[in-house]
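Asker: Pasting the sequence and the predicted coordinates here, then a few questions.
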Amino acid sequence: MCGIIGYTGNKPAKDIILSGLSRLEYRGYDSSGMAIYNNGSYPKILKSAGKISELADLISESNLEGTTGIGHTRWATHGPPTKDNAHPHQDCSEEISIVHNGIVENFKELKTDLENKGHTFESDTDTECIPHLIEQYLKDGDDFLESVRKTAKALQGANAILAVHKNNPDTIVAFRLGYAGGLVIGNANEEMLIASDLPAITPYTNNVTYIEPGEIAAINATSASFYSIDGKSISKKFVITPRNQIDSGKGRYRHYMLKEINQQPESIMQTLSGRVSFNNLTIDLPELSDFNADKINRVVIIGMGTSLHAAMVARYWIESFAKIPTEIDNSSEFRYRDPLVDDKTLIVSICQSGETADTLAAMELARNKGAQQITLCNYENTQSTRIADYSMQIKAGPEIAVAASKTFTCSLVLLYLLAIELGVKLNRLTTKEIQNKISELSKLPDLIGQILYDPNQYDELAKSLSHYHNFLFLGRGINHPIAMEGALKLKEISYIHAEGYPAGEMKHGPISLIDENMPVVAIAPSSDLYEKMESNINECKARGAPILSVVTEGNDTISNISDHCIYLPESSHELSPILNSLPLQLLSYHIAVTRGCDVDQPRNLAKSVTVE
Ligand code: G6P
C-alpha cells in the first residue's frame with residue numbers, strides 16, 4: 001500500500017525521488033519522506049505528514065545534494081500518520097536509512113530484543129525495528145549486504161524494503177518477502193531506479209526487472225546483483241516493458257476519477273480490440289487458446305472490493321452461458337478456510353492492480369491445490385499474472401483515482417467475453433446465441449457514450465442529495481452487485497454511509513431504517529424483475545424515503561413514484577449491469593465534489609491493498 005522508490009546515478013536524487021513519489025502517491029498519501037546520501041556524509045532526511053506536496057515544499061527550501069536516495073509515501077498501519085512515523089527510518093547510529101512496504105508481524109518481539117541490546121526507538125512503527133536489526137548484525141561483524149540478508153530472514157510477514165548505509169552511499173540494497181507490493185528495478189544507463197511500482201520508473205527507463213518474493217538485490221548506478229534469501233547468487237534479465245501503462249495526466253478534467261469515468265467508451269473498445277470481430281460476430285481470446293475447459297466441473301471467482309462485485313456479476317453470466325456451477329468468494333475469506341478446490345476447479349481471479357495481498361494469497365492456495373487459474377489484471381507482468389496459468393489483460397489504461405471506475409466496467413466486459421468463451425469451449429452456446437451476444441456487445445461503447453453525453457443532471461442530483469447521511473441501494477438479479485458497487489462508490493469517496501442490498505432482502509431488516517432521511521437508489525431496468533423492483537420502490541416511497549430510480553428510457557410510470565429518475569438507453573438485460581454502473585459512478589462523484597471531498601485520494605484508502 002505504501003509506495004517506495006530508490007535512485008542511484010549521476011543526477012540530483014531528490015528530484016527523481018520526488019517525481020517518483022508523486023507517481024506512487026495513489027498507493028498511500030498520509031505522510032512521506034526521503035533520505036539523500038552524498039559521498040560519505042551522514043544522510044539528510046526530510047519527512048512530512050500530509051500529502052507529497054508538503055514534502056515538495058520542504059525540499060524546495062532545503063539543500064539536499066546527493067545522487068543516491070530513497071523515498072516513501074505512507075499508508076499508515078502501525079502508528080498515526082505523523083512526521084515521526086513517516087519513513088525513512090534509521091538505526092541508532094543514523095548511518096542506515098530504510099523505507100518499507102508491508103507489515104513486520106513479529107516486530108514486538110524484535111523490538112523488545114533490540115531494546116534489551118541497547119537500541120532506542122523513536123516511532124510507533126513496526127518498520128523501525130528493521131534498521132536497528134541491520135545495525136545489530138553489522139555490530140556482530142557482518143557486512144551490509146549480509147546484515148540486510150539476515151534481517152530479511154528474521155522478519156515475519158510480507159515485506160519489501162530499500163536500505164542504504166553511509167559507508168556504501170552509492171548502493172541500495174533491497175529485499176522482498178511475500179506479496180507486500182512489488183519491487184521493480186529500472187536500468188537507465190548509468191542510473192538505476194527501484195520502486196514498488198512501474199509508473200515511478202517508466203519516465204526514466206522501460207528496461208526493467210522484477211524482484212520476486214524471497215529475493216535480495218544490491219544496485220549501484222551501473223550494475224545490479226541478485227541473491228536468494230539464503231545468500232546464493234542468482235541471475236536475472238532486464239527486459240523492455242511496454243510504455244502504454246503510463247498515466248498522461250488529468251487533461252481537461254478536474255479529477256482523475258471524472259476523466260476515467262469519461263474514458264469508458266474508448267477503454268471498453270480497447271478491452272474488446274483483438275478479441276471480438278464485430279463483422280463476423282465471433283470471439284477469439286488468444287490468451288486462452290491453450291486452455292482446456294473439458295475437465296472443469298466448477299468455477300470459483302475471487303476478488304476484493306470492486307473486483308468482487310465484478311465477480312458477482314460474472315457468476316450470472318458464466319452459469320447462464322456455460323452452464324457450469326459458479327461460486328464467488330472474497331479472497332480474504334477464501335484463503336483462510338479450507339476451500340474445496342482441486343484440478344477440476346477453475347479459479348478466476350479479478351485483480352486490476354495485480355497486487356492485492358489477499359487475492360495473491362488465495363491464488364497461491366489454489367495453485368497448491370492444483371486448480372487451473374485465469375486472472376484478469378490491468379497491467380502486464382504483475383504478481384498475479386505470474387501466479388496464474390492464463391492472464392487476461394483488462395486494457396482499461398492507467399487508472400489513477402483510488403475508486404475504481406473504468407477498470408470495473410472493463411473487467412465486466414472481459415468477464416462477459418470469458419463467459420462466452422467458456423460457453424463456446426463447452427459447447428453450451430449455439431452460433432446464433434453467440435452472434436446475438438456479440439451483436440449486443442457491439443452497441444455498448446455507443447450506449448455508454450450516450451449516458452456520458454449529458455452530465456448536468458448529476459450536478460442537480462448531487463445538490464439535492466448530498467446532505468443525507470445514509471443511503472440504501474437496491475437491485476435484483478444481475479443488478480444486485482451493481483447496487484453494492486453503487487453503495488461502495490458513494491461511501492468510498494463521499495464518506496456517506498451507504499448499503500447495497502438485493503431488493504428482496506429489504507423486508508428482512510433494512511426496511512426498518514427507511515424514513516424521509518434515507519434516500520433509496522433503485523436500479524430498475526426493464527426486465528422480468530422490473531415489477532418486483534417497482535413494488536420495492538413503492539414500499540420505500542410509502543415510508544417516506546426520497547427515491548432515485550435508475551430505469552430504462554420509455555418507462556413513463558416510474559416518475560409517479562420517484563423523486564428523481566435517471567433514464568438509460570435500452571440494452572440487452574445481460575449487459576445492463578455495465579450501463580447501470582455509469583450513473584452510480586457519476587452520482588457518487590458529484591456528491592463527493594459537492595461535499596468538498598478529495599475525490600481522487602479519499603481518506604484511509606489506497607489503490608492497491610498490499611497488506612491483508
Ligand atoms: C482497493 C481499491 C479498490 C479495488 C480493490 C481491489 O480497495 O481501492 O478500487 O477494487 O482494492 O483491487 P484489485 O487490484 O484487487 O482489483
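Answerer: Arrived safely, thanks for sending. Numbering: from 1, shown residues only.
Asker: Around the ligand, which positions in the protein sit nearby?
Answerer: Applying Cβ under 6 Å from any ligand atom, we find that the chain lies next to the ligand at 303-307, 351-353, 356, 359, 402-404, 605, 607-609. In this view, the C-beta of every residue, glycine as well, is placed from N, C-alpha and C.
Asker: residues in contact with the nearest residue in space to Gly303 that is not next to it in sequence?
Answerer: Closest residue to Gly303 apart from its sequence neighbours, by Cβ to Cβ, 6 or more residues apart in numbering: Ile350 at 3.9 Å. Contacts for Ile350 (Cβ atoms under 8 Å, 6 or more residues apart in numbering) come out as 301-303, 307-308, 310-311, 314, 359, 375-376, 411, 415.
Asker: now do 10 Å
Answerer: Contact partners of Ile350, counting by Cβ atoms under 10 Å, 6 or more residues apart in numbering, are 301-311, 314, 328, 331, 356, 359, 374-377, 384, 392, 394, 407-408, 411-412, 414-415.
Asker: Which of these fall within strands?
Answerer: The strands, defined by DSSP state E, take in 301-303, 328, 374-377, 392 from these.
Asker: from these, which is closest to the ligand?
Answerer: Of all the ones in strands among the contacts of Ile350, the ligand sits closest to Gly303, with 6.0 Å by Cβ to the nearest ligand atom.
Asker: Tell me how many other residues crowd that closest one.
Answerer: For Gly303, the neighbour count with other Cβ atoms under 10 Å is 29.
Asker: ditto for the one 3 residues further on
Answerer: Taking other Cβ under 10 Å as the neighbour definition, Thr306 ends up with a count of 23.
Asker: is it true that it touches Ala404?
Answerer: Yes: at 4.1 Å, Thr306 counts as touching Ala404 under the criterion of Cβ atoms under 10 Å.
Asker: shared neighbours of these two, which are they?
Answerer: Joint contacts of Thr306 and Ala404 (Cβ under 10 Å, 6+ apart) are 352, 411, 485, 488-489, 492.
Asker: how about these, which pair is most distant?
Answerer: Spatially, the most separated pair among the shared contacts of Thr306 and Ala404 is Ser411 and Glu492, at 16.8 Å (Cβ to Cβ).
Asker: The two: which has the busier surroundings?
Answerer: Shown here are Ser411 and Glu492; by other Cβ under 10 Å, Ser411 has more neighbours (30 against 24).
Asker: For Pro203, give me the pLDDT.
Answerer: Looking at Pro203, its pLDDT stands at 89.
Asker: tell me the phi and psi of it?
Answerer: Main-chain torsions, Pro203, degrees, to the nearest 10: phi -60, psi -20.
Asker: in terms of contact, does it touch Asp15 like I think?
Answerer: No: contact criterion Cβ under 10 Å: Pro203 and Asp15 do not qualify, at 11.4 Å.
Asker: Could you find the closest non-adjacent residue to Thr120?
Answerer: Cys92 (6.1 Å).
Asker: What is the burial count for the one you found?
Answerer: Residues near Cys92, counting by other Cβ under 10 Å, number 17.
Asker: Kindly confirm my reading that it forms part of a strand.
Answerer: No: membership of Cys92 in a strand is not supported by DSSP: H, G, I helix; E, B strand; the rest coil, which gives coil.
Asker: From Lys139, how far out is it?
Answerer: Distance, Cys92 to Lys139, using Cβ to Cβ, to the nearest Å: 10 Å.
Asker: for the stretch 1-150 of the chain, what spans make up the helices?
Answerer: Per DSSP state H, counting those that start in this stretch, the stretch 1-150 of the chain carries helices over the ranges 13-24, 52-60, 107-116, 129-139, 144-154.
Asker: My guess is Tyr7 contacts Ala188. True?
Answerer: Yes: using Cβ under 10 Å, Tyr7 is in contact with Ala188, at 9.4 Å.
Asker: Residues that sit against both of these two, list them.
Answerer: Taking Cβ under 10 Å, 6+ apart as the contact rule, Tyr7 and Ala188 both touch 16, 201, 204, 221.
Asker: now, the most widely separated pair of those?
Answerer: Top of the distance list for the shared contacts of Tyr7 and Ala188 (Cβ to Cβ): Ile201 and Ala221, 14.8 Å.
Asker: the more surrounded of the two?
Answerer: Ile201 (28 against 18).
Asker: Hmm, the more buried one is touching Ile5, no?
Answerer: Yes: counting by Cβ under 10 Å, Ile201 touches Ile5, with 8.0 Å between them.
Asker: what's the overlap in contacts for these two?
Answerer: 16, 20, 23, 193-195.
Asker: which one in the residues you listed is the model shakiest on?
Answerer: Arg23 (85).
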